[in-house]
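Peer 1: dropping a prediction and its sequence here:
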Amino acid sequence: SLSVPSLAHAPTRIAYQIFFISHIPITLLIDGQAAASSFLEITPWPFFPIPTFAVRAREWYSETFNDHLMRMVDESGEAAAPPSWFRALVWAEVIFQLPFFVAASSVLCRYGGKAGSIGDRSSPPWFRSVCIIYGVHTATTLIPIFASILDPPPEVPVSTLSERAVLASFYLPYFLFPAYLVIIAMCHEQDMFGDRSTDRKMKNT
């Protein structure tokens, strides 16, 4: 049968540590600009606390890879907010996912430990449930984003299929990591840092 490694598996744990830790500045400095654009009508752009270098990085990315969701300018070149549905998803990222990134990074660092110490302590009882909630929520939010990229609305400048495929590949890890986290949680019911065979034995006793 197919064996799904737990978070005790070093490559898996390290990959998620990198994913969560790197996601914190991305959410605050890059993605957060889409959420902050909700206030364009009442305050100058860009505004504190978003630094200028982050705005420039987002502009370079959106122009280079033709990301209409993060371009944030209208046809005349004036600052403009992304679609309301996309801003709503980013607000959910900032409000709900960002605290999880911090908490998950802390749990992974604390309970990852050295080889041989994993079995001596289990993850917090809330961690598995929150991982499932986060994973299902985040993977689901990527569906309309992929749809908007692969089948853009009429007002979006025409892009080639290869350009859309490259852009979709940038978003793909933000679907795969959360979705796989749900699979890990479902396969390790007792402890996400435990051994699958141990989980089975405990379940059958």
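Peer 2: Received, thanks.
Peer 1: tell me the buried residues in the helix or strand containing residue 99?
Peer 2: According to DSSP states H and E, residue 99 maps onto helix 98-112. For helix 98-112, a neighbour-count test (16 or more other Cβ atoms under 10 Å) marks 98, 100-101, 103-105, 107-108, 111-112 as buried. Using the backbone N, CA and C atoms, a C-beta is placed for each residue, glycine as well.
Peer 1: export those to CSV and tack on pLDDT?
Peer 2: Output for those, formatted as CSV (pLDDT from 0 to 100):
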residue, pLDDT
98, 96
100, 97
101, 97
103, 96
104, 96
105, 95
107, 93
108, 93
111, 81
112, 70
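Peer 1: what's the next secondary structure element after the helix holding residue 99?
Peer 2: The first helix or strand that comes after helix 98-112 along the chain, using DSSP H and E, is helix 127-150.
Peer 1: and that following helix, average pLDDT?
Peer 2: Mean per-residue pLDDT for helix 127-150: 96.
Peer 1: for the helix or strand hosting residue 56, packing partners?
Peer 2: Element membership of residue 56 [criterion: DSSP H and E] is helix 52-64. For helix 52-64, the elements it packs on are helix 32-36, helix 68-71, judged by 3 or more Cβ pairs under 8 Å, 6 or more residues apart in numbering; DSSP states H and E.
Peer 1: quick one: contacts of that helix?
Peer 2: Helix 52-64 is contacted by residues 29-30, 33, 46, 67-68, 70-72 when judged by Cβ atoms under 8 Å, 6 or more residues apart in numbering.
Peer 1: go again using 10 Å as the cut-off
Peer 2: 25-26, 28-34, 45-47, 50-51, 67-73, 79, 166-167, 170 (Cβ atoms under 10 Å, 6 or more residues apart in numbering).
Peer 1: likewise for stretch 140-152?
Peer 2: For stretch 140-152, the external contacting residues (Cβ under 10 Å, 6+ apart) are 66-69, 83, 85-86, 88-90, 92-93, 97, 156, 158-159, 161, 163-172, 174-176, 178-179.
Peer 1: among these, which ones are in helices?
Peer 2: Taking DSSP state H, the ones among the contacts of stretch 140-152 that sit in helices are 68-69, 85-86, 88-90, 92, 161, 163-171, 174-176, 178-179.
Peer 1: just the buried members of those residues?
Peer 2: 68-69, 86, 89-90, 164, 167, 174-175, 178.
Peer 1: residue 70 contacts residue 30, correct?
Peer 2: Yes: using Cβ atoms under 10 Å, residue 70 is in contact with residue 30, at 7.8 Å.
Peer 1: overlap in contacts, those two.
Peer 2: Listed as contacting both residue 70 and residue 30 by Cβ under 10 Å, 6+ apart are 58, 61-62, 90.
Peer 1: of all those, which two lie farthest apart?
Peer 2: Using Cβ to Cβ, those reach their maximum pairwise distance at 61 and 90, which is 14.8 Å.
Peer 1: next one, pLDDT for the most centrally placed residue in the chain please.
Peer 2: In the chain, the centroid-proximal residue (Cα atoms, centre = their mean) is residue 174; its distance is 4.4 Å. At residue 174, the model reports a pLDDT of 96.
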